[in-house]
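A.B. asks: Got a sequence here, can you model it:
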Amino acid sequence: MRLGSRARASDSARPPKRRFRPWVLVGYFVILGAAGALALGYVDPESRIPAVTAVVPGFYDHASNLLLSCVLVLMYGLVRLLQGARLREVTVFALVVVAANYLYEGGLTLWNTTDLVDAHYGAVGALLGWAFFGVVARHGMAPAVDPASGESAPE
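C.D. replies: Here you go, the predicted model:
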């Protein structure tokens, strides 16, 4: 279903036209694992990776925005590309996440102090997730195999 189009009852019954190549899921879970390891360092100071702190001082002060934005775009992108959406939709979602970061960190000071560095980290996280799906949309999709005939579905 394309962004802005109406869902039809037959959409869920239609077989997928495309599938992910195996390296996509490996890359997806490697990125999620790295995000999990960094999140553990954010929550537990004893679990921080010294090399990360040496390269980017103060990284763990803003890691939550980067990790949440990245994981949001990764989860949305994986599901939507598998359902047949185009990269354009994932791009719009990533831009919404970036805008939400800047709006929350710069404009909504009810529960938060203004911290544009947090917003920058969130934007980088969203763009990292989007970049992964940019590569996936270009090189990581293959025609789905029709179970009945064993042939690839037309693109």
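A.B. asks: going forward, measure contacts and count neighbours with C-alpha atoms only.
C.D. replies: Will do.
A.B. asks: Now the helix or strand where residue 96 lies: buried residues?
C.D. replies: For residue 96, the element it lies in under DSSP states H and E is helix 87-106. For helix 87-106, a neighbour-count test (16 or more other Cα atoms under 10 Å) marks 87, 89-91, 93-95, 97-98, 100-102, 104-106 as buried.
A.B. asks: Find the pair from the residues you listed with maximum spatial separation.
C.D. replies: 87 and 106 (28.2 Å; Cα to Cα).
A.B. asks: tell me the phi and psi of residue 19?
C.D. replies: As for residue 19, its main-chain torsions (degrees, to the nearest 10) stand at phi -140, psi 160.
A.B. asks: quick one: contacts for it?
C.D. replies: By Cα atoms under 8 Å, 6 or more residues apart in numbering, the contact list for residue 19 reads 82, 141, 142, 143, 144.
A.B. asks: Show me what the helix or strand that contains residue 75 is packed against.
C.D. replies: Element membership of residue 75 [criterion: DSSP H and E] is helix 59-82. Judged by 3 or more Cα pairs under 8 Å, 6 or more residues apart in numbering; DSSP states H and E, the packing partners of helix 59-82 are strand 18-20, helix 22-43, helix 50-55, helix 87-106, helix 116-139.
A.B. asks: Is it possible to get CSV of those that adds mean pLDDT and distance to residue 78?
C.D. replies: Listed next are those as CSV, based on pLDDT from 0 to 100; distance: least, Cα to Cα, whole Å:
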stretch, mean pLDDT, distance to residue 78
strand 18-20, 84, 9
helix 22-43, 92, 8
helix 50-55, 90, 27
helix 87-106, 93, 9
helix 116-139, 92, 8
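A.B. asks: Let me know which of those is the nearest to residue 69.
C.D. replies: Closest approach to residue 69 among the helices and strands packed on helix 59-82 (Cα to Cα): helix 116-139, 4.9 Å.
A.B. asks: in its sheet, what does the next helix or strand after that closest one sit against?
C.D. replies: Once the chain leaves helix 116-139, the next helix or strand it forms, by DSSP H and E, is strand 141-143. Using DSSP bridges, the strands paired with strand 141-143 are strand 18-20 (antiparallel).
A.B. asks: what about the partner strand, distance to the chain center?
C.D. replies: Put simply, strand 18-20 sits 17 Å off its chain's centre (Cα atoms, centre = their mean, to the nearest Å).
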